[in-house]
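A.B. asks: No sequence on hand, only this structure:
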């Protein structure tokens, strides 16, 4: 399943349409059914104790999957998450960027399903694992 | 199971420790095993198309559950989310605050489990439903 | 949202169509958007150590939600589970029937979403909590 | 992370301790952090319409993960599932065995986390994807 957009297209979309995410999230690589994204970690992602907050990791997983789907169906802003489940497994390394490896498992007419493994840059141990389902807009 | 903190205590904690959330999230009511929180919706929560983003709803669910647990164990910053699953069911009403009704289902030695139903203020129809598990810090 | 079938209709469907479940699962009560079902516990539900197996609890949650949806759309065998998440919270009481309280949160054109709380008969403490999404067959 | 048991050990455990599963589930291969299991599909796994039931797929995922954990910690019957989420993506091929590829993502002191991708034998398209968390018994 070859994507119809490039990593560059997806980053341009982020910058043009989702400013508040484009500052921290960037697509690094895009292949047939997977996408690698990076999140630069900053103060607003932190919780007391210095941990990266669950919502910040969820945001990365959700956006990486969104971009992985858009890569195959084009820029369609109406794709929306219908469900997600996420496991937080390890404390990420302090002050280190996060990498999200996204795998598209199904791209159907109505629903797309995939999963994401997040790790700290330079480590193989997963920080979090998420699976997400998106509802796709119906063609008229 | 009577809480050991009040709604006022929890809001003071939010303001003192999690500034970036205290601006939008506030505990309205606290009872034995449930908590009602409100999120004021602003531009940073929005996605293209005007929908409130999945991560913003996840943040509300995650924080509401965190506060519901702290209400029973006291201010313990090291409680961390270990897993969460969330269903997004309806588009929230535009420009309307969100309410999160949080129910604590288990408060064990190691893990706390609960669920959250989110709706737009003034509506009974759920916008999202989440279940969350938190790992609790062990007493020395 | 008033159901179009009765508890009796649903039990007749179970007996006619899903023999292997009808022996253990039965609808006790059906109201607007919730359904109460019972599972009689037997040896085949047990794991080493005497615990009721996770799959047996999952089966109860899945079937209770399936019946809760059929109650509103009629006997439509093609409704299928698309996703489920379940938390196992407490060991059920030994040799005691399980009760599943099912709440229908959304009944849309394509998807139905609900959650289920399972407890041992005679106890208020939840044994398990599940949320499930079903894809609904499209009308021709 | 090298397993301390073999596929043969795990199959012997299934046969000795979980008779009702040993008839249909078998470990085919075991490597460092993953395990391949097979489920022979029979009538009891079917729902009206000929689909393999969600609970049958859940059982396969749950048991495969259980065995994947036991492979590393030894035969410890008290490991129990604490949470699971599963996505059902495609109808499995009729009358064909199912394969479950299990990946252990975390083996901590208290919790083990992993995911499972299930497909029909002879196909690469995933039928279902599950993630599971097990609580591990504490050493005395």
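C.D. replies: Now that the structure is in, tell me what you want to look at. The structure presented is a predicted model; accordingly, all values stated were derived computationally and were not measured. Residues are numbered from 1 along each chain as shown, chains lettered A, B, ... in the order given.
A.B. asks: contacts and neighbour counts: CA atoms only from here.
C.D. replies: Fine.
A.B. asks: Now name the helix or strand holding residue A:133.
C.D. replies: In this assignment (DSSP states H and E), residue A:133 forms part of strand A:126-135.
A.B. asks: Packing partners of that strand?
C.D. replies: helix A:54-73, strand A:80-88, strand A:111-120 (3 or more CA pairs under 8 Å, 6 or more residues apart in numbering or on different chains; DSSP states H and E).
A.B. asks: got JSON lines for those, with distance to chain D and mean neighbour count too?
C.D. replies: Putting the helices and strands packed on strand A:126-135 into JSON lines (distance: least, CA to the nearest CA, whole Å; neighbours: other CA atoms under 10 Å in any protein chain shown) gives the following:
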{"stretch": "helix A:54-73", "distance to chain D": "15", "mean neighbour count": "24"}
{"stretch": "strand A:80-88", "distance to chain D": "7", "mean neighbour count": "25"}
{"stretch": "strand A:111-120", "distance to chain D": "8", "mean neighbour count": "23"}
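A.B. asks: With mean pLDDT and distance to residue D:134 as extra columns, can I get these in TSV?
C.D. replies: Output for the helices and strands packed on strand A:126-135, formatted as TSV (pLDDT from 0 to 100; distance: least, CA to CA, whole Å):
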stretch	mean pLDDT	distance to residue D:134
helix A:54-73	94	20
strand A:80-88	95	12
strand A:111-120	96	19
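A.B. asks: returning to what we had before: starting at the chain centroid, how far to the strand holding residue A:133?
C.D. replies: 8 Å (CA atoms, centre = their mean, to the nearest Å).
A.B. asks: the inter-axis angle of that strand versus strand D:126-135?
C.D. replies: Put simply, strand A:126-135 runs at 140 degrees to strand D:126-135, going by axes from the mean of the first three to the mean of the last three CA atoms, to 10 degrees.
A.B. asks: Show residues contacting strand A:126-135.
C.D. replies: A:57-58, A:61-62, A:65-66, A:79-92, A:110-120, D:105-106 (CA atoms under 8 Å, 6 or more residues apart in numbering or on different chains).
A.B. asks: ok, it: who's next to it in the sheet?
C.D. replies: strand A:80-88 (antiparallel), strand A:111-120 (antiparallel) (DSSP bridges).
A.B. asks: Now do the same contact list for the nearest residue to residue A:32 once chain neighbours are set aside.
C.D. replies: In space, and not counting its chain neighbours, residue A:32 is closest to residue A:2: 4.9 Å by CA to CA, 6 or more residues apart in numbering or on different chains. By CA under 8 Å, 6+ apart, the contact list for residue A:2 reads A:31-33, A:72.
A.B. asks: Closest one of those residues to residue C:98?
C.D. replies: residue A:33 (42.6 Å; CA to CA).
A.B. asks: what's the span of stretch A:117-132, first residue to last?
C.D. replies: End-to-end distance of stretch A:117-132 (CA to CA, to the nearest Å): 12 Å.
A.B. asks: picking up where we left off before, show me the one of the helices and strands packed on strand A:126-135 that comes nearest residue C:7.
C.D. replies: strand A:80-88 (29.7 Å).
A.B. asks: In terms of helix, strand or coil, where does residue A:93 fall?
C.D. replies: Here residue A:93 takes the coil state, with states given by DSSP: H, G, I helix; E, B strand; the rest coil.
A.B. asks: dump the residue contacts of the nearest residue in space to it that is not next to it in sequence.
C.D. replies: Closest residue in space to residue A:93, ignoring its immediate chain neighbours: residue A:120 at 6.1 Å, by CA to CA, 6+ apart. Taking CA under 8 Å, 6+ apart as the criterion, residue A:120 is in contact with A:92-93, A:96-99, A:126-127.
A.B. asks: ok, now residue A:138?
C.D. replies: A:109-110.
A.B. asks: returning to that earlier point: pick out the most distant pair among the contacts of residue A:2.
C.D. replies: Most distant of the contacts of residue A:2, by CA to CA, are A:31 and A:72, 10.6 Å apart.
A.B. asks: Which neighbours do the two have in common?
C.D. replies: Shared contacts of residue A:31 and residue A:72 (CA under 8 Å, 6+ apart): A:2-3.
A.B. asks: what residue ranges in chain A are flagged as low confidence?
C.D. replies: A:43-50, A:77, A:139-140 (pLDDT under 70).
A.B. asks: got the contact list for the residue in it that chain C sits nearest to?
C.D. replies: Closest residue of chain A to chain C, CA to the nearest CA: residue A:85 (7.8 Å). By CA under 8 Å, 6+ apart, the residues touching residue A:85 are A:130-132, B:83-86, C:85, D:85.
A.B. asks: Spatially, which residue comes closest to it, not counting chain neighbours?
C.D. replies: residue B:85 (3.9 Å).
A.B. asks: picking up where we left off before, shouldn't the residue nearest to residue A:32 be within a helix?
C.D. replies: No - Residue A:2: not assigned to a helix; according to three-state DSSP it is coil.
A.B. asks: how much space between it and residue A:73?
C.D. replies: For residue A:2, the distance to residue A:73 equals 11 Å [CA to CA].
A.B. asks: can you check residue A:79 too?
C.D. replies: On the measure of CA to CA, residue A:79 and residue A:73 end up 10 Å apart.
A.B. asks: Check residue A:36 too.
C.D. replies: On the measure of CA to CA, residue A:36 and residue A:73 end up 18 Å apart.
A.B. asks: Any residues of chain A in contact with chain C? List them.
C.D. replies: When proximity is defined by CA under 8 Å from any CA of the partner chain, chain A lies next to chain C at residue A:85.
A.B. asks: Noted, bye for now.
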